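Asker: below is the sequence, then the predicted model.
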Amino acid sequence: MGENSKKKKSNGKEINEEKIYTPDVVWELETKSFYDSWYTKQYDRFYYIVEYQTEPDVDFFFSKVDLTSGQKKWSSPVFTGIATSEPLKAQIKGKNCIIIGGENSVTYILDDENGEVLASMVFYEEYQSKQWDLYGRNTWHWLFIDNGLYWTSSIDDEKDSEGNIINPKPQGIVKIDMSKLDFSKPAYEPQYIEPQMVWVNNINRQHIFMYPVEKDGVIYFVTRDQWETDGYCIIGAFDTKTNSEKWHKISNKIIGEGWDNMCIAGNRLYIVEQGQGCYDLETGETIWEFLDPPDYCVDNIGISGSIYSRGITYWNDKLYFTNIAGGRAASFLGVDKSHIQNIQCIDANTRELIWGDMPEDSGSLDTKPHIVNGQCFVVTWDDLRVYNATTGELIGIDKSVISCGKELNASYGDLFVFFKTNSKDHTSILTAIKVGEIE
C-alpha cells in the first residue's frame, strides 16, 4: 500500500517526499544466492534459483522453490565451480528434467521431481579441442524444443598479429539431439553427443549475442552488429520442424546488442535495445522500427538505453523494461535530466512513450519489471518501487530492500517475489509480498 506524500522543510522550503510503500509480506526464505539471478528461472509456480556452498561464489547448487509457500521442494547436489547457465525445463524420454551447465562445458540433467542427477553430457570428444572451440556452448540462454537442445555459437575468429582472419569460425545455431541420451549409464559419466550446426550466418558472419526466443518450434534471433561496423544486423526465424530458415531480413535500426531484449506477444516479435522494433512472426514484416539519432535526448526523452536487459514485460498492449541510464547520465550527456529515464513503458502498437521514471541517484538497471494486479514492481538500487502500471503514478517505495537493480525476480498470481541481499555474508532473503488491487 502507498501512504500519502508528506512534506518536510529544507532551507525554509517545502519539498515533497516520495510515498512510502509498506509491503504485505507473505513468506521469507533465507538463501545462499547473492546477485546470482542471471541463473534463475521461473516456470509457472516454481522458481529455480542458484545458490553457493561456499563464498565467494564457489561450488554451486540449484534449489526449486514453491512460489505459493516459499518452501524448497528440493536442492540439487553441489557442483564444483561456478554456475554457468539458467536452468532449462525439458522432458526427455518421458522424464521431467532440468538441464543445467557445469564446469568444462559439462551439461547435467536433473530429475525435476527430486533434483538428483540423472545423466551428464558433453558436446566434444576432448575438452578445449577444435570441436569444443567450434560449437562454443552458450548457456546464458538455451532452448529445448522437441528433444533438441539449441544454443547460439559465438566464437571469435582466430586472427594474426595484423588483425587478418586466419581461422574463420561459423556463426549460427547449434543443436544436440537429446533423445540420444542414455539414462542407464552412470549419472556422472559424461556422454558425448555430437552437435549439429543447423543454421549458419553466411550473409555477414555476425555473432548472435542477444538471447533467442521461441514459439511453436520457431527460433527467432538477431545478429550483433558489434561496434556498428556493418551498419545493419540480421533478424531471422529458424523453423526447427523443417530444420530450415523460415525468413530473415536486414535491419539498419536494430543493433543486436543485448541480453534478454526480445519478447513475443500474440503474433508479434518485439525487440527493445539501442533500437526498437516490432515484426510479424509469420513473415518478418516490419510493423514499426525506430533508432533515435545520437542527439535525440537534447530535446526529447530517449528510449535507446535498454541494452543488457534481464527481460521485457508485455501487459495490456504495453512493453515495460529498464535500461542502463543512471542518475548522472544527464550531466554526462549535457542534457536536461527530465530527458533521461531508466524505467520505461511504451505503447506496443506504436512505440510511443507512455511513462517513465529515473529514481534519485539510481545506477544502471537491467532488471525486469513485473506487473501484478495492475501495478508495476521494479527493484532498483536499494529500494522497491511500485507504480500504477497504466499511468506510471508512483504508488510508493520501500527503502528496506537492498539490491543493485540487476536481479531477475518473479511473480505468481497476486504475489511479487524478490531478493533482499546481504553483502556481509553473500546471502539473500527471497521475499514474497501479496499485492492488492489498486485503490
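Answerer: Structure's in. What do you need? Numbering: from 1, shown residues only.

Asker: hey, let's count contacts and neighbours off CA atoms from now on
Answerer: OK.

Asker: mind listing what the residue minimising distance to the centre of the chain touches?
Answerer: By CA atoms, centre = their mean, the mean C-alpha position of the chain lies nearest to Arg310, the distance being 3.2 Å. For Arg310, the set of contacting residues under the criterion of CA atoms under 8 Å, 6 or more residues apart in numbering consists of Trp38, Trp259, Asp260, Asn261, Asp366, Thr367, Lys368, Lys406, Leu408.

Asker: do Trp288 as well
Answerer: Residues counted as contacts of Trp288 (CA under 8 Å, 6+ apart) are Gly277, Cys278, Tyr279, Thr350, Arg351.

Asker: got a winner among the residues you listed for most neighbours?
Answerer: For the contacts of Trp288, the largest number of neighbours (other CA atoms under 10 Å) sits with Cys278, at 24 neighbours.

Asker: what ranges does this protein have for its helices?
Answerer: Along the chain, the segments classed as helices by DSSP state H run 130-135, 329-333.

Asker: highest average neighbour count across those?
Answerer: Using mean count of other CA atoms under 10 Å, the stretch among those with the largest mean neighbour count is helix 130-135, at a mean of 18.

Asker: give me the helices and strands touching that one, please.
Answerer: The helices and strands touching helix 130-135, judged by 3 or more CA pairs under 8 Å, 6 or more residues apart in numbering; DSSP states H and E, number zero.

Asker: and the nearest residue to Gly172 once chain neighbours are set aside, what does it touch?
Answerer: The spatially closest residue to Gly172, leaving aside those adjacent along the chain, is Val200, at 4.4 Å (CA to CA, 6 or more residues apart in numbering). By CA under 8 Å, 6+ apart, the residues touching Val200 are Pro170, Gln171, Gly172, Ile173.

Asker: turn those residues into a markdown table, columns for neighbour count.
Answerer: Shown next, in a markdown table, are those (neighbours: other CA atoms under 10 Å):
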| residue | neighbour count |
| --- | --- |
| Pro170 | 21 |
| Gln171 | 25 |
| Gly172 | 23 |
| Ile173 | 23 |
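
Asker: tell me which of those fall in strands.
Answerer: When strands are assigned by DSSP state E, the members of the contacts of Val200 inside them are Gly172, Ile173.

Asker: pick out whichever of the contacts of Val200 sits closest to Trp227.
Answerer: Distances from the contacts of Val200 to Trp227 were compared by CA to CA; the smallest belongs to Gln171, at 17.3 Å.

Asker: tell me the spacing between that closest one and Lys41.
Answerer: Gln171 sits 27 Å away from Lys41 when distances are taken as CA to CA, to the nearest Å.

Asker: thought Asp160 was touching Ile166?
Answerer: Yes. The pair Asp160 and Ile166 passes the contact test of CA atoms under 8 Å, sitting 6.5 Å apart.

Asker: quick one: mean pLDDT for stretch 329-337?
Answerer: pLDDT averaged over stretch 329-337 equals 83, rounded to a whole number.

Asker: show residues contacting that stretch.
Answerer: Residues external to stretch 329-337 that are found in contact with it (CA under 8 Å, 6+ apart): Cys297, Val298, His339, Ile340.

Asker: now for these: which two are most distant?
Answerer: Using CA to CA, the two most remote members of the contacts of stretch 329-337 are Val298 and Ile340, lying 9.9 Å apart.
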